[in-house]
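Asks: sequence unavailable; structure follows:
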């Protein structure tokens with residue numbers, strides 16, 4: 001038997017910016033939308049359109 005969970009996430013824009021800084025180990029400053037990393041632009045556009053980010057997790061459940 002499998003169980004599927006769907007998580008609706010908020011704060012993806014901030015998370016993607018934090019991940020960018022942590023991975024690069026550099027201070028970054030973005031002044032223009034087109035300068036943002038592509039994943040951040042994607043999350044920002046989803047936020048502006050009021051579309052939540054969905055993350056699905058599936059796990060097997062032992063029924064013994």
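Replies: Yes, it's here. Computed from a predicted structure; not experimentally measured.
Asks: what separates stretch 13-24 from the chain centre, distance-wise?
Replies: Its chain's C-alpha centre and that of stretch 13-24 lie 10 Å apart, by CA atoms, centre = their mean, to the nearest Å.
Asks: correction: stretch 21-29
Replies: The answer for stretch 21-29 is 17 Å, by CA atoms, centre = their mean.
Asks: can you give me the end-to-end span of that stretch?
Replies: 10 Å (CA to CA, to the nearest Å).
Asks: which residues are contacting that stretch?
Replies: 17, 20 (CB atoms under 8 Å, 6 or more residues apart in numbering). Yep, even glycine has a C-beta here, placed from its N, CA and C like the rest.
Asks: let's see that with 6 Å instead.
Replies: Taking contacts as CB atoms under 6 Å, 6 or more residues apart in numbering, no residue outside stretch 21-29 touches it.
Asks: where exactly do the helices run in the chain?
Replies: With DSSP state H as the criterion, the chain has helices at 12-24, 38-48.
Asks: I'd like those laid out as JSON lines, including mean pLDDT and distance to residue 31.
Replies: Listed next are the helices of the chain as JSON lines, based on pLDDT from 0 to 100; distance: least, CB to CB, whole Å:
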{"stretch": "helix 12-24", "mean pLDDT": "90", "distance to residue 31": "14"}
{"stretch": "helix 38-48", "mean pLDDT": "91", "distance to residue 31": "14"}
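Asks: thought residue 9 was touching residue 53?
Replies: Yes. Residue 9 is within contact range of residue 53, at 4.5 Å (criterion: CB atoms under 6 Å).
Asks: between the helices of the chain, which one is closest to residue 60.
Replies: Of all the helices of the chain, helix 12-24 sits nearest to residue 60, with 27.6 Å by CB to CB.
Asks: about what we covered before: tell me which of residue 9 and residue 53 has more neighbours.
Replies: Taking neighbours as other CB atoms under 10 Å, residue 9 and residue 53 compare with residue 53 leading, 16 against 11.
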